[in-house]
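# Show me how the following folds:
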Amino acid sequence: MHSFTKILGRGLLAAALLGGVSSAALAETVFNRGNGAEPETLDVHKSTGVPESFIQMDLFEGLLTSDAKGKPVPGAAESWTVSDDGLTYTFKIRQNAKWSDGSPLTAADFVFSWERLIDPKTASDYAYFLDQVVNAKDIRQGKKPLTDLGVKAVDDHTFEVKLLAPTPYFLSMLVHHSTYPISKANYEKFGDDFVKPGNMVSNGAFMLAEAVPQSHVKVVKNPNFYDAANVKIDTVMFFATEDQNAELQRFKAGEIDATYDIPPQQIKQLQSSDASETRLAPYFGTHFYAYNLTHEPWKSTPELRQALSLAIDRDVVTGKIMNAGEIPAYTFVPPGTDNFNGWKPDYADLSQADRDAKAKELLAKAGYGPDKPLDIELIYNTSQLHKNVAVAIAAMWKQKLGINASLINLEWKTFLDTRDKKDFKDITRHGWIGDYNDANNFLELERCDIGEQSTSAYCNPKFDELMDKAARESDLTKRAQILQDAEKVMIADAPIIPFAFYASKHMVSSHVKGWEDNVQDYHLSRWVTVER
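The predicted model follows:
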């Protein structure tokens, strides 16, 4: 069981014993969350990582939001209508929707925010996210002005969006942080400094109180949130917790109510000793490695790329290294994706010995072997899990192919910058968590024109042609087949090495009520309470 004397609770309790804190202060409900890496930024249009998104979901709210089970539900928009042709969405903004400073949230804020997202000057990695909106792609590529974007504030509480084609996943996209609004008035006052404590206004259930680098982000209940009466948490502390073992010790000491992750080597023991607080669940994401296709030998040697993929024993990686419910991955799109037919490449049915033999053949065909060994660099971000996986895969490459892999660990911000700008030499650890439940959200990362979000600078016009065809197809069955055909083209080219489908792993205190395991791993603090 977890002690009442949590990180903040200890201080309050000590002060109370000295007569310095009222009983009202002691009644404050605090939710202490481990949150992985130090946030890259809290700017909803510029961040890319999962740790940032968890904070942003508490601070901001899009047209739609997530319920406790990870399903899209009305957010800042209380309702919407869709035209018969599926091309025009009209959202009704809540009459009582406000910013945390008490000013009204309007449709004009959404127009401003979506224009900022795709503005080339913003340089958002998620600028492509609105490509299905009329003129959005041409605008982000500098071909048309921002004012041509297919969105309009019909009045203060009516936001209209026009799409290029019927988009079955459009509503689920609107839960994603890149589509959240920021206050136009607040941004005009502070510019990019609007994200700083003391400057930021937000429209979510919480508002920013503190952001201490390498320590924590503190958010407090927003009294101007339209559903504030039903928010049970007063304060949420998001602690930077890259060291999984240290995070687990803080959880066991009662300092953290829910962890961001669990050390892989501790999972089996925890399932036995702390079964009720050990939460493992399927997670809508893929672990993979990505080649830098701006560099040789990767750019022009698909045989070499395929060889390294074949030599990875995915059953060992998922079953003995990760060991938390992950599933071996041979494709990019996770199983269970809506309106998509899952499949596996032919080599997935081979024994690992046969895959290894094929890998050696391809390596020799690419011109490498005992007389010409290959030395490579693999970068990964700070995490015991990612380190363990990298060590295991490097050993497989060495044993089976004679490849010498140097492992380079980078802290989160440096890693993201190095990875996204393709400043690494050979191979990077990568992972993608679906922003909405559709195969397009994974496959579009392999398009020629996707920008820095491209996993490996891959570009095959045949793949892009199929993706364009899928975007125009309204029949979901036909669309599913086209998307599968596109993925088959990409997997054959091997710009990436998928090796595991994610599982979410958390320790959640028995004091925490309302935490629902879900495939998106969304856990907004507004749905949670902590009963000490």
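
# Check the gap between the closest residue to residue 73 other than its chain neighbours and residue 422 for me.
In space, residue 73 comes closest to residue 67 once its chain neighbours are excluded; the distance is 4.6 Å by Cβ to Cβ, 6 or more residues apart in numbering. For the C-beta atoms, the positions are set from N, CA and C on the backbone; glycine is no exception. To residue 422, residue 67 is 38 Å away according to Cβ to Cβ, to the nearest Å.

# Which one's more surrounded, those two?
More neighbours surround residue 422 than the other of residue 67 and residue 422, with 18 against 15 (other Cβ atoms under 10 Å).

# now for the strand of greatest length in the chain, which elements pack on it?
In the chain, assigned by DSSP state E, the strand with the most residues is strand 278-291. Packing partners of strand 278-291 (3 or more Cβ pairs under 8 Å, 6 or more residues apart in numbering; DSSP states H and E): helix 267-273, strand 427-433, strand 496-507.

# what's the burial count for residue 442?
So residue 442, with other Cβ under 10 Å, has 26 neighbours.

# Am I right that it is in contact with residue 329?
No. Applying Cβ atoms under 8 Å, one finds residue 442 not in contact with residue 329, separated by 11.1 Å.

# Where do the strands of the stretch 51-200 of the chain begin and end?
Taking DSSP state E, counting those that start in this stretch as the criterion, the stretch 51-200 of the chain carries its strands at 64-66, 72-74, 77-82, 88-93, 151-155, 158-162.

# residues in contact with residue 41?
47, 52, 195 (Cβ atoms under 8 Å, 6 or more residues apart in numbering).

# Quick check: residue 327 vs residue 498, distance?
Relative to residue 498, residue 327 is positioned 11 Å away (Cβ to Cβ).

# Please say which of those two ends up with more neighbours.
It is residue 498, of residue 327 and residue 498, that has more neighbours when counted by other Cβ under 10 Å, with 24 against 16.

# Tell me who's in contact with that one.
Counting by Cβ under 8 Å, 6+ apart, residue 498 touches 286, 287, 288, 329, 330, 331, 332.

# which of those residues lies closest to residue 246?
residue 287 (22.7 Å; Cβ to Cβ).

# At which residues are the helices of the stretch 251-400 of the chain located?
Here the stretch 251-400 of the chain has its helices, by DSSP state H, counting those that start in this stretch, at 267-273, 302-310, 314-316, 352-365, 384-401.

# now do the stretch 101-250 of the chain
Under DSSP H, counting those that start in this stretch, the stretch 101-250 of the chain gives helices at 107-118, 136-140, 170-173, 184-190, 244-252.

# Show me what the longest one is in contact with.
Where contact means Cβ under 8 Å, 6+ apart, the residues beyond helix 107-118 that reach it are 45, 63, 91, 93, 122, 124, 126-127, 129-130, 133, 136, 139-140, 146, 149, 151-159, 178-184, 187.

# if I look at the nearest residue to residue 189 once chain neighbours are set aside, how far off is residue 178?
In space, and not counting its chain neighbours, residue 189 is closest to residue 199: 8.0 Å by Cβ to Cβ, 6+ apart. Residue 199 sits 21 Å away from residue 178 when distances are taken as Cβ to Cβ.

# if you count what's nearby, which of the two comes out ahead?
When residue 199 and residue 178 are compared on other Cβ under 10 Å, the one with more neighbours turns out to be residue 178, at 26 against 14.

# Quick check, pLDDT for the residue nearest to residue 189.
At residue 199, the predicted lDDT confidence score is 98.

# same thing with residue 452?
What the model reports as pLDDT for residue 452 is 84.

# same check, this time on the one 4 residues further on
Reported pLDDT at residue 456 in the predicted model: 96.

# Now it. Its backbone dihedrals?
phi -150, psi 10 (degrees, to the nearest 10).

# Based on its surroundings, how many neighbours for it?
Based on other Cβ under 10 Å, the number of other residues close to residue 456 is 27.

# That one contacts residue 495, doesn't it?
Yes. Counting by Cβ under 8 Å, residue 495 is a contact partner of residue 456 at 4.4 Å.

# Could you pull out the residues contacting both of those two?
290, 291, 293, 446.

# Tell me which two in the residues you listed are the farthest apart.
Distances among the shared contacts of residue 456 and residue 495 were taken as Cβ to Cβ; the most separated pair is 291 and 446, at 12.0 Å.

# shared neighbours, the two?
Joint contacts of residue 291 and residue 446 (Cβ under 8 Å, 6+ apart) are 456, 495, 496.

# Would you check that the last one makes contact with residue 331?
Yep, that's residue 496 we're talking about. No. Judged on Cβ under 8 Å, residue 496 makes no contact with residue 331 at a distance of 10.1 Å.

# Comparing these two, which residue is more hemmed in?
residue 496 (26 against 22).

# Quick one: mean pLDDT for the longest strand of the chain?
Across strand 278-291, the per-residue pLDDT values average to 95.

# That one pairs with which strands?
Strand 278-291 has its sheet partners listed here by DSSP bridges as strand 427-433 (antiparallel), strand 496-507 (antiparallel).

# Which strands or helices does the helix or strand just after the shortest one pack on?
The element immediately downstream of strand 427-433 (helix or strand, assigned by DSSP states H and E) is helix 440-443. With contacts taken as 3+ Cβ pairs under 8 Å, 6+ apart, helix 440-443 sits against helix 461-472, helix 476-493.

# The first one: which residues count as buried?
When you say that, I think you mean helix 461-472. For helix 461-472, burial by neighbour count (16 or more other Cβ atoms under 10 Å) applies to 463, 464, 466, 467, 470, 471.

# Go ahead and produce CSV holding the CA coordinates of that helix.
Provided in CSV are the C-alpha atoms of helix 461-472 (Å, rounded to 0.1, in the frame of the first residue of the first chain):
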residue,chain,number,x,y,z
PRO,A,461,6.7,7.1,-56.3
LYS,A,462,4.8,3.8,-56.6
PHE,A,463,4.2,3.9,-52.8
ASP,A,464,3.0,7.5,-53.0
GLU,A,465,0.7,6.7,-55.9
LEU,A,466,-1.0,4.0,-54.0
MET,A,467,-1.3,6.3,-50.9
ASP,A,468,-2.9,9.0,-53.1
LYS,A,469,-5.3,6.4,-54.6
ALA,A,470,-6.3,5.2,-51.1
ALA,A,471,-7.0,8.8,-50.1
ARG,A,472,-9.5,9.2,-52.9
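
# Can you tell me what sits against it?
If you take Cβ under 8 Å, 6+ apart as the criterion, helix 461-472 is touched by 132, 164-165, 167, 440, 443-444, 446-449, 479, 482-483, 485-486, 489-490, 493.

# switch to 10 Å and redo it
Contact with helix 461-472 is made by 131-132, 164-167, 439-440, 443-444, 446-450, 460, 478-490, 492-493, 495, as judged by Cβ atoms under 10 Å, 6 or more residues apart in numbering.

# now the angle between helix 476-493 and it, please.
160 degrees (axes from the mean of the first three to the mean of the last three Cα atoms, to 10 degrees).

# model confidence over helix 461-472, on average?
Here the average pLDDT along helix 461-472 is 95.

# ok now it, how far from the chain's centre?
Averaged C-alpha coordinates place helix 461-472 at 24 Å from its chain's average position (Cα atoms, centre = their mean, to the nearest Å).

# Kindly report the same for the last one.
Distance of helix 476-493 from the chain centroid (Cα atoms, centre = their mean) equals 23 Å.

# Then stretch 331-339?
Counting by Cα atoms, centre = their mean, stretch 331-339 comes out at 16 Å from the chain centroid.

# now stretch 511-521
Here stretch 511-521 is found 17 Å from its chain centre; the criterion is Cα atoms, centre = their mean.

# repeat for stretch 522-532
20 Å.

# Next: stretch 125-133.
Centroid separation for stretch 125-133 versus its chain: 16 Å, with Cα atoms, centre = their mean.

# for stretch 188-203, same thing?
Using Cα atoms, centre = their mean, the offset of stretch 188-203 from its chain centre is 23 Å.

# now stretch 308-319
The chain centre lies 24 Å from the centre of stretch 308-319; the measure is Cα atoms, centre = their mean.

# Show me what counts as buried in stretch 229-249.
231-233, 235-242, 244, 247-248.
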